[in-house]
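Novice: let's see this in three dimensions:
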Amino acid sequence: MGNGDEILGKTLMKGFLYALTKMDVLPSCVLFYNGGVKLTCEGSAVLEDLKTLEAMGVEIYSCGTCLSHYDLQDTLQVGKVTNMYDIVERLATAGKVIKP
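Specialist: The predicted structure is shown next:
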């Protein structure tokens, strides 16, 4: 999350996703692309929070091209696979975009 220390970034991302689960108003979806797709896959430290968000009605999407690039297609644990066209459309039509 952000630029700088990788360990701090992982800690901040974990805290960010946990905080999302405690919001009164939830996002409609969370999009993961590039290295972010690793967060939705086997072994991720934030899987439980993502599964909680999904159970609360938040749509979780991971970029299929990105999953393929990192050879993670078979390890997805939460959400659905999408493509860049869908990601762009969702970002372009969103009332609000939060980018951690």
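
Novice: tell me where the protein has strands.
Specialist: Ranges of strands in the chain, per DSSP state E, are 29-32, 59-63, 80-82.

Novice: quick one, which of these gets closest to Leu91.
Specialist: strand 29-32 (7.4 Å; Cβ to Cβ). Backbone N, C-alpha and C define where each C-beta goes, glycine included.

Novice: any chance you could list what contacts that closest one?
Specialist: 20, 39-40, 50, 53, 58-63, 66, 79, 82, 87, 90-91 (Cβ atoms under 8 Å, 6 or more residues apart in numbering).

Novice: please repeat the previous calculation with a cut-off of 7 Å.
Specialist: Strand 29-32 is contacted by residues Leu39, Thr40, Leu53, Val58, Glu59, Ile60, Tyr61, Ser62, Cys63, Ile87, Arg90 when judged by Cβ atoms under 7 Å, 6 or more residues apart in numbering.

Novice: which of those are buried, as a PyMOL select command?
Specialist: In PyMOL, a selection of the buried entries from these looks like this (16 or more other Cβ atoms under 10 Å):
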select buried, resi 39+40+53+58+60+61+62+63+87+90
